[in-house]
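Undergrad: following is a predicted model, sequence given first.
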Amino acid sequence: MDRWASFDCYGTLIDWDGGVRAELARVFGEEAADAQLERYHEVEPDLQLNGTLSYRDVLTETMRRLGAPAGAEHGLAEALPGWRAFPEVHGALEELRSRGWKLAILSNTDDDFIAASQVQIGVPFDEVVVAQEIGSYKPAHKHWDEFFERTRAPREGHVHVAGSQFHDIVPANELGLRSVWINRTGEPRLAEPTRELPDLLALPETLDELVP
């Protein structure tokens, strides 16, 4: 049986909060960056609801709604390709591949952004599903529907790995899927993942336990 691990990208593999906050600090000032990051998390999901906007447009419109001055509203979209992977990600994914796991990304983003982020990660993926291709953003279920249709992955051999409870863990529960929540910031639980880890260091052993 094939074993598949699907991943959210931003916040799980790529340091999304760090990248967004750095750009918000550049545009709005260091003293306003944390409050603007909190507002970003509130504004972005509304713009993703109907799935018609590209992620580039979501980033740009969110910056406008945060009050970015003219000419600075494209800053997040321009900065995203340079956002770095968390330090343990490359080694953990390489170890998973060496253990026979197939890897997929299910991401609320565009083709060009995810291509740039895969370069930052430096490990090949067997399947990639992005919002731009399917006209839908998580927490809607279409990413998973598309993943299973493309790969024919057995559900008993699949685990979803993600850092966002709202975008990933809640819908994984709704779909009856096993999940590993990567809780990098010590957030309180709002949903019940199958497992919870602080980073990807123990992920290979954890996935092998879930799917021997």
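TA: Now that the structure is in, tell me what you want to look at. Residues are numbered from 1 along each chain as shown.
Undergrad: in the protein, which spans are strands?
TA: Read by DSSP state E, the chain holds these strands, from start to end of the chain: 3-7, 101-107, 127-130, 158-162, 179-182, 195-197.
Undergrad: tell me, how many residues neighbour residue 190?
TA: Counted by other Cβ atoms under 10 Å, the residues lying close to residue 190 total 9. Backbone N, C-alpha and C define where each C-beta goes, glycine included.
Undergrad: just to revisit the earlier point, closest to residue 26 out of the strands of the chain?
TA: Ranking the strands of the chain by their distance to residue 26 (criterion: Cβ to Cβ) puts strand 101-107 first, at 24.1 Å.
Undergrad: next, format the strands of the chain as a markdown table and append mean neighbour count.
TA: As requested, the strands of the chain are arranged in a markdown table below (neighbours: other Cβ atoms under 10 Å):
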| stretch | mean neighbour count |
| --- | --- |
| strand 3-7 | 25 |
| strand 101-107 | 22 |
| strand 127-130 | 20 |
| strand 158-162 | 25 |
| strand 179-182 | 26 |
| strand 195-197 | 16 |
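Undergrad: output these as JSON lines; include the columns distance to residue 26 and mean pLDDT.
TA: Converted to JSON lines, those look like this (distance: least, Cβ to Cβ, whole Å; pLDDT from 0 to 100):
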{"stretch": "strand 3-7", "distance to residue 26": "28", "mean pLDDT": "98"}
{"stretch": "strand 101-107", "distance to residue 26": "24", "mean pLDDT": "98"}
{"stretch": "strand 127-130", "distance to residue 26": "26", "mean pLDDT": "98"}
{"stretch": "strand 158-162", "distance to residue 26": "28", "mean pLDDT": "98"}
{"stretch": "strand 179-182", "distance to residue 26": "27", "mean pLDDT": "98"}
{"stretch": "strand 195-197", "distance to residue 26": "31", "mean pLDDT": "98"}
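Undergrad: could you export the ones you listed as JSON lines, including distance to residue 31?
TA: Shown next, in JSON lines, are the strands of the chain (distance: least, Cβ to Cβ, whole Å):
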{"stretch": "strand 3-7", "distance to residue 31": "34"}
{"stretch": "strand 101-107", "distance to residue 31": "31"}
{"stretch": "strand 127-130", "distance to residue 31": "35"}
{"stretch": "strand 158-162", "distance to residue 31": "31"}
{"stretch": "strand 179-182", "distance to residue 31": "29"}
{"stretch": "strand 195-197", "distance to residue 31": "33"}
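Undergrad: closest one to residue 115 among those?
TA: Nearest of those (Cβ to Cβ): strand 127-130, 8.7 Å.
Undergrad: of all the strands of the chain, which one is nearest residue 18?
TA: strand 179-182 (14.5 Å).
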